[in-house]
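*Asks:* No sequence on hand, only this structure:
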């Protein structure tokens, strides 16, 4: 009897873990990098160091975005690559290749035909 109780509680725990892992990706869909460009830093605007201009296609819309982060964040990003993403107001949440979520500030959008 004790064995079955332990086995049942273990099974319930595993089911709960799997269910929560699947619910994290709710709302995410595949987005494609259209273009990515590092904004050059200069003496007048040192805050631009580590800033990128990125265009992402999500469904039938291309979003123009700004993203901040070091080269390690965007090293595997190139045109044509796809990442899971979802729109949250004026922020595009993109799950990068390492699993980290990158917040991209949406500056504009354009419908594609």
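*Replies:* Now that the structure is in, tell me what you want to look at. This one's a predicted model, so the numbers in the text were calculated from it and none came from an experiment.

*Asks:* Can you report how many residues lie near the nearest residue to residue 94 once chain neighbours are set aside?
*Replies:* Excluding the flanking residues, the one nearest residue 94 by C-beta to C-beta, 6 or more residues apart in numbering is residue 85, at 4.4 Å. Backbone N, C-alpha and C define where each C-beta goes, glycine included. Per other C-beta atoms under 10 Å, the neighbour tally for residue 85 reads 24.

*Asks:* residue contacts, residue 85?
*Replies:* By C-beta atoms under 8 Å, 6 or more residues apart in numbering, the contact list for residue 85 reads 28-31, 56, 58, 92-95.

*Asks:* for those, which one is nearest residue 77?
*Replies:* Distance to residue 77 across the contacts of residue 85 (C-beta to C-beta) is lowest for residue 94, with 8.9 Å.

*Asks:* Does the closest one touch residue 104 like I think?
*Replies:* Yes: assessed by C-beta atoms under 8 Å, residue 94 is found in contact with residue 104 at 6.1 Å.

*Asks:* what residues are shared contacts of those two?
*Replies:* Common neighbours of residue 94 and residue 104 (C-beta under 8 Å, 6+ apart) are residue 56.

*Asks:* moving C-terminal of the least confident helix or strand in the chain by mean pLDDT, what's the next helix or strand?
*Replies:* When each helix and strand of the chain is scored by mean pLDDT, DSSP states H and E, helix 2-23 comes last, with a mean of 62. For helix 2-23, the following helix or strand on the C-terminal side (DSSP states H and E) is strand 29-38.

*Asks:* Sheet-wise, list the partners of the following helix or strand past that next one with their directions.
*Replies:* Next along the chain after strand 29-38, taking DSSP H and E as the criterion, comes strand 51-58. Using DSSP bridges, the strands paired with strand 51-58 are strand 29-38 (antiparallel), strand 61-68 (antiparallel).

*Asks:* Indicate which one of these is closest to residue 46.
*Replies:* strand 61-68 (13.1 Å).

*Asks:* how about the next helix or strand after the closest one: buried residues?
*Replies:* Following strand 61-68 in sequence order, the next helix or strand is helix 71-74 (DSSP H and E). By neighbour count on 16 or more other C-beta atoms under 10 Å, the buried set for helix 71-74 is 73-74.
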